[in-house]
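Trainee: coordinates for the following, if possible.
(one chain, ligands or ions: 2)
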Amino acid sequence: MSDNAIEIQGLQKTYAATGRSPAKEALKGIDLTIPRGSIFGLLGPNGAGKSTLINILAGLVVKSAGSVKIWGFDQDQNPRQSRAAIGIMPQEPHLDPFFTPAGSLDVQAGLYGVPKSQRKTAEILELIGLTDKADAYARSLSGGMRRRLLLGKALVHSPQVLVLDEPTAGVDIELRNMLWQNVRKLNEDGMTIILTTHYLEEAEEMCDDIAIINHGEVIVRDSTANLLGRLDRKTLVITPETDAALPALPDNITGQKHANGTLTFTYQSGITPAGQILSLVQDAGITIKDVKTEEAHLEDVFLSLTSSR
Ligand SMILES: Nc1ncnc2c1ncn2[C@@H]1O[C@H](COP(=O)(O)OP(=O)(O)O)[C@@H](O)[C@H]1O
Ligand SMILES: [Mg+2]
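Mentor: Numbers count the residues shown, from 1 in each chain. Ligands and ions are numbered 1, 2, ... in the order given. Take a look at the predicted model:
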């Protein structure tokens, strides 16, 4: 048995031309493995192909070529098992307005063939905080409640893998926190989580591993820690005691003076010791009131990888 929750090989998708829009090659041969038990982030700019990839996993979009295994089951050879192993919270909220939350969960469980005795409707309503809305009409639910219900629907068949497509795009902080709490709890209980987000701080905080895709190709796939280490870029922020000009700097250090009087120095920690910068500043006669360092953020990695293409 493989240790991977997902194994994707040579995955291609070309959307057929319709009317005036030409055919679109959305995925250009993706190879990707996602380990069991992880929280995995799929990042990329708009139009990169994230939703296409996820919708293929969900069986909502038909691939053009390649193979997909979910929890060891090949999507083509074992469609039923591979589908049972995964639950998707889609990007576009689509809810049947005629059902109550409890009803929706029940219908969804029925679609997946979960026997009545094994349904966890009450437990899921509790998790998503909709117990007191169990019998309210979907039409009367707020936008946030509808998103929570979508999460609930992805969980009815107890999938091993949960996929969330931009779950926090446009939601308020309270709902965002609730979603992340739920995701963490589900992951601690053993569920593999895959999420797309274009909030990079969120990915940095939540994900063990990350793949960045751009124009239908995986351009990098690594642990979050390695990705951040890759840049080897730090910034030293110095607040001088009294207003001071930026000292002359060698090529390995980039300096900037900001409107609030702080001086920032960006350098590669593998090449330049922070002590060199501090000496330069002191030699220029500047008294340091405060000093701190800032590490690279995923955003920097992301920009350096996606902007040149
Ligand atoms: N149903 C579709 N028909 C035609 N083109 C599509 C369809 N869905 C997505 N695309 C195109 O495929 C590319 C990838 O889209 P998508 O997977 O939604 O990207 P992302 O989720 O990363 O923003 C985009 O150029 C998009 O316009
Ligand atoms: Mg998308």
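
Trainee: got the contact list for the lengthiest helix in the chain?
Mentor: Of all the segments assigned as helix in the chain under DSSP state H, the longest by residue count is helix 173-188. Helix 173-188 has contacts (CB atoms under 8 Å, 6 or more residues apart in numbering) with 37, 39, 127-129, 144, 147-148, 151, 155, 162, 164, 167-168, 171, 193, 195, 202, 206. In this view, the C-beta of every residue, glycine as well, is placed from N, C-alpha and C.

Trainee: and what of stretch 230-238?
Mentor: 222, 262-270, 274, 277-278, 281, 286, 288, 290-296, 300-301, 304.

Trainee: what's the end-to-end length of stretch 161-172?
Mentor: 25 Å (CA to CA, to the nearest Å).

Trainee: what about the one helix or strand Ala109 maps to, distance to the chain center?
Mentor: Using DSSP states H and E, Ala109 maps to helix 101-111. Offset of helix 101-111 from its chain centre (CA atoms, centre = their mean, to the nearest Å): 27 Å.

Trainee: for it, packing partners?
Mentor: Where contact means 3 or more CB pairs under 8 Å, 6 or more residues apart in numbering; DSSP states H and E, helix 101-111 is packed against helix 121-127, helix 143-155.

Trainee: the nearest residue to Ala48 once chain neighbours are set aside: neighbouring residues, count only.
Mentor: Of all residues beyond its chain neighbours, the one nearest Ala48 is Ile213 (4.8 Å), with distances taken as CB to CB, 6 or more residues apart in numbering. By other CB atoms under 10 Å, 25 other residues sit near Ile213.

Trainee: work out for me the element Ile213 sits within.
Mentor: Judged by DSSP H and E, Ile213 forms part of strand 209-214.

Trainee: show me how the record splits this protein into domains.
Mentor: 4-228, 232-306 (automatic domain parsing).

Trainee: hey, which of the ones you listed is tucked in deepest?
Mentor: Of all the domains of the chain, domain 4-228 has the most neighbours on average by mean count of other CB atoms under 10 Å, namely a mean of 17.

Trainee: low-confidence stretches in the stretch 51-200 of the chain?
Mentor: Applying pLDDT under 70 to the stretch 51-200 of the chain flags the ranges 93, 95.

Trainee: flag every residue of it that's near ligand 1.
Mentor: Within the stretch 51-200 of the chain, the positions lying close to ligand 1 (CB under 6 Å from any ligand atom) are 51-52.

Trainee: how about the residues of the stretch 51-200 of the chain near ligand 2?
Mentor: If contacts are counted using CB under 5 Å from the ion, the residues of the stretch 51-200 of the chain sitting beside ligand 2 are Ser51.

Trainee: for ligand 2, what's the nearest residue on the stretch 51-200 of the chain?
Mentor: For the stretch 51-200 of the chain and ligand 2, the shortest gap (CB to the ion) falls at Ser51, measuring 3.2 Å.

Trainee: in which helix or strand does that residue reside?
Mentor: Assigned by DSSP H and E, Ser51 belongs to helix 50-57.

Trainee: mind giving me the packing neighbours of that helix?
Mentor: Where contact means 3+ CB pairs under 8 Å, 6+ apart, helix 50-57 is packed against strand 4-15, strand 24-35, strand 39-43, strand 65-70, strand 86-89, strand 161-165, strand 192-196.

Trainee: list the strands paired with the first one, with their directions.
Mentor: In the sheet containing strand 4-15, the strands it pairs with under DSSP bridges are strand 24-35 (antiparallel), strand 65-70 (antiparallel).

Trainee: which SSE is immediately downstream of the last one?
Mentor: So that's strand 65-70. Counting by DSSP H and E, what follows strand 65-70 is strand 73-74.

Trainee: tell me the contacts of Pro101?
Mentor: Pro101 neighbours (CB under 8 Å, 6+ apart): 125, 130, 133-136, 138, 141, 145, 149, 152.

Trainee: what about the closest residue in space to Gln81 that isn't next to it in sequence, distance to Gly113?
Mentor: The shortest distance from Gln81 to any residue other than its chain neighbours is 4.1 Å, reached at Phe73 (CB to CB, 6+ apart). Going from Phe73 to Gly113 by CB to CB, to the nearest Å gives 16 Å.

Trainee: same question, Gly49
Mentor: 31 Å.

Trainee: equivalent analysis for Lys185, please.
Mentor: Lys185 is 26 Å from Gly113, by CB to CB.

Trainee: over to Leu200?
Mentor: 39 Å.

Trainee: also Leu236?
Mentor: 59 Å.

Trainee: what of Ala259?
Mentor: 63 Å.

Trainee: so Ala154 touches Val161, yeah?
Mentor: No - with contacts counted by CB atoms under 8 Å, Ala154 stays clear of Val161, the gap being 10.1 Å.

Trainee: who touches both of the two?
Mentor: Gly87.

Trainee: correct me, but the residue nearest to Ala48 touches Pro45?
Mentor: No - shown here, Ile213 and Pro45 do not form a contact pair, counting by CB under 8 Å, at 9.0 Å.

Trainee: thanks a lot, catch you later.
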